[in-house]
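Colleague: For reference, the sequence and a predicted model appear below.
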Amino acid sequence: MEETEQSEQTTLWHLHPIRVRYQETDQMGVVFHGNYVTWFEIGRTEFIRQAGMSYEQIEREGLLLPVVDLACKYVSPARYDDIVLICTAIEQFSPLRVTFRSEVRRIGEGEGYPPEWHGQTPPGELLVEGGTSHVWVNKSFRPTRLDKTLPELYGLLQRVSRGTI
């Protein structure tokens, strides 16, 4: 099975800005560490939607995408009312698996960015880096080849993983 890896020259990132809400912080005034995992999920969901298909559509087709591995390295804390970018890219892709690279970056008030960013490093100050690995499964949680089950999505993700969409 052939894995497609991101080019060393450029990466297609999906950028999704959010403002840190009070309930996402702890008594120290910083974002509680578990919220970054939720933000990684928001990034994946919006990444797939930007590519042209929603998770809802994928699930209607009988496919699920459970997490089988999670990595998260904390570099610097986000705080209440910060504006952060959830940055998501495909790191590896095959008919059975997909690995997303995720970064959370702080940006300044009023800084706007397009939903797509081409380059090795997304904008802003790096706060957290990591990612998730997934396996395509059917509703019985049996591994399923995406290229056979939902070729339209496979083609979309193939183009995105090459940075051509």
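Modeller: Thanks, I have it.

Colleague: What segments of this protein are helices?
Modeller: 35-51, 55-60, 146-149, 151-161 (DSSP state H).

Colleague: and the last one, what other elements does it pack with?
Modeller: To tie it back to what came earlier, the one meant is helix 151-161. helix 35-51, strand 83-93, helix 146-149 (3 or more Cβ pairs under 8 Å, 6 or more residues apart in numbering; DSSP states H and E). In short, each C-beta sits where N, CA and C put it, glycine included.

Colleague: The same query, at a cut-off of 10 Å, please.
Modeller: strand 4-5, strand 12-19, helix 35-51, helix 55-60, strand 83-93, strand 97-107, helix 146-149 (3 or more Cβ pairs under 10 Å, 6 or more residues apart in numbering; DSSP states H and E).

Colleague: picking up where we left off before, which of the helices of the chain sits most buried?
Modeller: Most buried of the helices of the chain by mean neighbour count (mean count of other Cβ atoms under 10 Å) is helix 35-51; its value is a mean of 19.

Colleague: got a pLDDT number for the residue lying farthest from the centre of the chain?
Modeller: Within the chain, Gln27 marks the point farthest from the mean C-alpha position, 28.0 Å out by Cα atoms, centre = their mean. Gln27 is assigned 91 on the pLDDT scale.

Colleague: And Thr4, by the same measure?
Modeller: 44.

Colleague: quick one: the closest residue to Thr11 other than its chain neighbours and Pro143, what's the gap?
Modeller: Spatial nearest neighbour of Thr11, chain neighbours left out: Ala89 (4.9 Å); criterion: Cβ to Cβ, 6 or more residues apart in numbering. From Ala89 over to Pro143 the distance is 24 Å, taken as Cβ to Cβ, to the nearest Å.

Colleague: Can you pull out the low-pLDDT segments for the protein?
Modeller: 1-9, 164-165 (pLDDT under 70).

Colleague: repeat that for 90
Modeller: Scanning the chain for pLDDT under 90 picks out the ranges 1-11, 110-115, 119-120, 158-165.

Colleague: on that earlier part again, columns distance to Leu126 on top of the helices and strands packed on helix 151-161, output as TSV?
Modeller: Below are these laid out as TSV (distance: least, Cβ to Cβ, whole Å):
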stretch	distance to Leu126
strand 4-5	22
strand 12-19	13
helix 35-51	12
helix 55-60	27
strand 83-93	9
strand 97-107	6
helix 146-149	31
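
Colleague: if we can go back for a sec, the residue nearest to Thr11 contacts Pro122, correct?
Modeller: Yes. Counting by Cβ atoms under 10 Å, Ala89 does reach Pro122; the two are 8.4 Å apart.
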